[in-house]
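*Asks:* Attaching a predicted model along with its sequence, questions to come.
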Protein chains: 2
Amino acid sequence: MSSRPTQKDVAIRAGVSQATVSMVLGGASTASVSAETVQRIRAVAEELGYVPNRFAQALKTRRTMTIACIVPDITNPFYPGLIRGVQKIAQERDYDVIAVNTDGVPARERHFLDWARQGRVDGVIGVFFTVRVQDFVPLLDIGIPVVRIESAKKRGGDLAIDDIFVDSHAAAIAVTEHLIAKGHRRIAMVAGTGGPQGVRVEGYREVLGRAGIEPLVIIENDFSEMAGSRAAEAILATGYGPTAIFAANDLMAIGVMQALRERGIDIPDQIAVFGFDDISAARLVTPPLSTVAQFQDRMGEKAAEILIDRLSGSRSGGGTTEEMPFQLIERGTV
Amino acid sequence: MSSRPTQKDVAIRAGVSQATVSMVLGGASTASVSAETVQRIRAVAEELGYVPNRFAQALKTRRTMTIACIVPDITNPFYPGLIRGVQKIAQERDYDVIAVNTDGVPARERHFLDWARQGRVDGVIGVFFTVRVQDFVPLLDIGIPVVRIESAKKRGGDLAIDDIFVDSHAAAIAVTEHLIAKGHRRIAMVAGTGGPQGVRVEGYREVLGRAGIEPLVIIENDFSEMAGSRAAEAILATGYGPTAIFAANDLMAIGVMQALRERGIDIPDQIAVFGFDDISAARLVTPPLSTVAQFQDRMGEKAAEILIDRLSGSRSGGGTTEEMPFQLIERGTV
């Protein structure tokens, strides 16, 4: 027997089916169970020290003690890092965390908002690429709070949506200014479509515009290493002659590095590379990738704190917006 | 209005609260709603082309159309790859996938088995480090099938648990024999505690024993890069003088590489390194890491196929065990 007695242990000792024990101890109707059996099950449960698990109780209180983390790509290490941060706080406060993956596409993002309305979770923390603020109303209407992780300050209006954001636009400006300060005058950028990439490209364009430097932006369909490699090939084919390539995320930056290495181009002596996200692989490539840290674990922790404060009632009223810091991490690629 | 009308759209048009629409269209009791209002809501729903979402129906049929993926470490890229494979098949067959993280510790593994019994999911796919076959009985008893991802052939007995496994023991033998064939006679191994690491260490010990080579195994408390770096330092401190280090997973192998690089030890000329898992970072480090591919995406796909066949009734009877292939991937570290 495991250290904590289960309903099965009770069932064996009481000589009844586990389904019967579940009915009696789980708080369901016991109309179909004889009073004698109910008494025997309760006596055995006490004898064994059986503690009803909190989910059975949660079903009665209509609380699931579960938080959904809705992310666009679970295989991009940025998001598991965020989920881990959410889990750290959630566990301390007795909530479970479940993660779901939307691929950042509209149908699946909306699908999981519907899904979250079905009594499965108490609250939602999410990174959404396509849904709009109105899409959260059905959740808020039934008392399911939402914390969004954003890449720019958004106005939630009067809705009780809390936002956490890193100013991606300011970070992209900082990266581009840093590259110019290092003497670069031919700086290309690679990005995917959707998500936080747009504001990063804008920041890059602004700085180059002010500096009078011609920009070159390659937009790929996704955010993968493969996309980064393809984008690097495209940049080299243009004759732009970059001395630096800024990628809108680390996976693409690593793909850029692979493409450059295959062509025998030295990083950073011939072409510098800068990423965004500080995923763990950034430290592992050679040379280690210079990038923008967003501290996804801390973002996850903060999001969980805000959400659980909403759930416990210690936070109420209109939505809030909290800015989290970014930091340029210079390693070996610039 | 979004392309698909929601209950909210119906509520606005019908001039009632969304809660009322939800009651009427969601199949709940409408005792508190006037017959006239019920009729008006139904008419508006038809006019707008409202389609009740399948979760409302699922609640009635007591099916959740949701599969839980229970994994020990969502930040180890092996597991997101597995989850992605599960999701690929699940989506085709109209199931959602939720992922939960146990840290591989007994209390949390058992906790999520309890959790999965609370009507939240239809089936479970999991990588379990500590729970035993008996721990799944409560799930099976209430018709929730379980597919386990294992690192060795296990006997599920008569229980309807399906196992998918890669023979980690055979793979570790293959790696160790490969290193010996390359001329190595001082081969150290690093591993974490628990999980699939044990059988990998056994395979290594068997081969060295047969070859008359003295083994050196460093066991760390976890499976991280940091643990790999610590283990490499420990190996170097022994005076064993390894020409090769075999790590029981890629994260540890990458940590070994970092420690060797910091000491100016050339990989592979002075010390060769071999990993296990073929996570995406294995291709990204320099030199790229030689490792054992387990094709986690295919394992996830296979697990989802088996589980959904159980759920659809097209598979029944006792548990099955299916072996999946591994492959040694030689890159630049040996």
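*Replies:* On my side now, so go ahead.
*Asks:* From here on, just use CA atoms for contacts and neighbour counts.
*Replies:* Will do.
*Asks:* Phi, psi for A:Asp277 please.
*Replies:* The phi/psi pair for A:Asp277 (degrees, to the nearest 10) reads phi 130, psi -30.
*Asks:* residue contacts, it?
*Replies:* By C-alpha atoms under 8 Å, 6 or more residues apart in numbering or on different chains, the contact list for A:Asp277 reads A:78, A:249-250, A:291-294.
*Asks:* swap in A:Asp73?
*Replies:* Per C-alpha under 8 Å, 6+ apart, neighbours of A:Asp73: A:79, A:101-104.
*Asks:* rerun at 6 Å
*Replies:* By C-alpha atoms under 6 Å, 6 or more residues apart in numbering or on different chains, the contact list for A:Asp73 reads A:101, A:103.
*Asks:* still on that earlier bit, among the contacts of A:Asp277, which two are most distant?
*Replies:* Largest separation among those by C-alpha to C-alpha: A:Phe78 and A:Thr291, giving 12.8 Å.
*Asks:* neighbour-wise, which of the two wins?
*Replies:* A:Thr291 (30 against 23; other C-alpha atoms under 10 Å in any protein chain shown).
*Asks:* which stretch of helix or strand covers the more buried one?
*Replies:* strand A:291-293 (DSSP states H and E).
*Asks:* Show residues contacting that strand.
*Replies:* Contacts for strand A:291-293 (C-alpha under 6 Å, 6+ apart): A:274-278, A:326-329.
*Asks:* Need the buried ones from the residues you listed selected in PyMOL.
*Replies:* Of the contacts of strand A:291-293, the buried ones can be selected in PyMOL as follows, counting by 16 or more other C-alpha atoms under 10 Å in any protein chain shown:
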select buried, chain A and resi 274+275+276+277+278+326+328+329
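*Asks:* Put together a markdown table for the contacts of strand A:291-293, with secondary structure, distance to A:Ala43 and pLDDT on each row.
*Replies:* Converted to a markdown table, the contacts of strand A:291-293 look like this (DSSP: H, G, I helix; E, B strand; the rest coil; distance: C-alpha to C-alpha, whole Å; pLDDT from 0 to 100):
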| residue | secondary structure | distance to A:Ala43 | pLDDT |
| --- | --- | --- | --- |
| A:Phe274 | strand | 66 | 98 |
| A:Gly275 | coil | 63 | 97 |
| A:Phe276 | coil | 60 | 96 |
| A:Asp277 | strand | 56 | 92 |
| A:Asp278 | coil | 56 | 92 |
| A:Phe326 | coil | 58 | 96 |
| A:Gln327 | strand | 60 | 97 |
| A:Leu328 | strand | 63 | 97 |
| A:Ile329 | strand | 62 | 97 |
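*Asks:* Run the chain-centre distance for the strand holding A:Thr291.
*Replies:* Remark: strand A:291-293 is offset 16 Å from the chain centroid, using C-alpha atoms, centre = their mean, to the nearest Å.
*Asks:* With stretch A:163-183 instead?
*Replies:* The answer for stretch A:163-183 is 21 Å, by C-alpha atoms, centre = their mean.
*Asks:* Over it, what's the mean pLDDT, rounded is fine.
*Replies:* Confidence over stretch A:163-183 (mean pLDDT, whole number) is 96.
*Asks:* For the residue of the stretch 201-334 of chain A found nearest chain B, list each beta-bridge partner.
*Replies:* Scanning the stretch 201-334 of chain A for proximity to chain B using C-alpha to the nearest C-alpha identifies A:Val285 as nearest, at 4.4 Å. Listed beta-bridge partners, A:Val285: B:Val285 (assigned using DSSP bridges).
*Asks:* okay, now it: neighbour count?
*Replies:* A:Val285: 23 neighbours (other C-alpha under 10 Å).
*Asks:* just A:Gln270 next, same as before
*Replies:* 13.
*Asks:* Retrieve the pLDDT associated with it.
*Replies:* At A:Gln270, pLDDT is 98.
*Asks:* got it, and the one 10 residues further on?
*Replies:* A:Ser280 is assigned a pLDDT of 79 by the prediction.
*Asks:* same check, this time on the one 4 residues further on
*Replies:* Confidence per residue is given as pLDDT, and for A:Leu284 that number is 80.
*Asks:* Kindly report the same for the one 4 residues further on.
*Replies:* pLDDT, the model's per-residue confidence, is 91 for A:Pro288.
*Asks:* How about A:Gln39?
*Replies:* A:Gln39 is assigned 85 on the pLDDT scale.
*Asks:* Give me the buried stretch members for the strand or helix carrying it, please.
*Replies:* Using DSSP H and E, A:Gln39 sits within helix A:35-48. Of the residues in helix A:35-48, A:37-38, A:40-42, A:44-45 count as buried by neighbour count, 16+ other C-alpha under 10 Å.
*Asks:* how about those residues in CSV, adding distance to A:Gly317?
*Replies:* CSV is the format used below for those (distance: C-alpha to C-alpha, whole Å):
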residue, distance to A:Gly317
A:Thr37, 49
A:Val38, 46
A:Arg40, 49
A:Ile41, 46
A:Arg42, 44
A:Val44, 47
A:Ala45, 44
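*Asks:* Which two of the contacts of strand A:291-293 have the greatest separation?
*Replies:* Among these, A:Phe274 and A:Phe326 lie farthest apart (C-alpha to C-alpha), at 14.5 Å.
*Asks:* check whether the longest helix anywhere in chain A contacts chain B.
*Replies:* Counting by DSSP state H, the longest helix found in chain A is helix A:296-312. No: counting by C-alpha under 6 Å from any C-alpha of the partner chain, no contacts exist between helix A:296-312 and chain B, the nearest distance being 11.0 Å.
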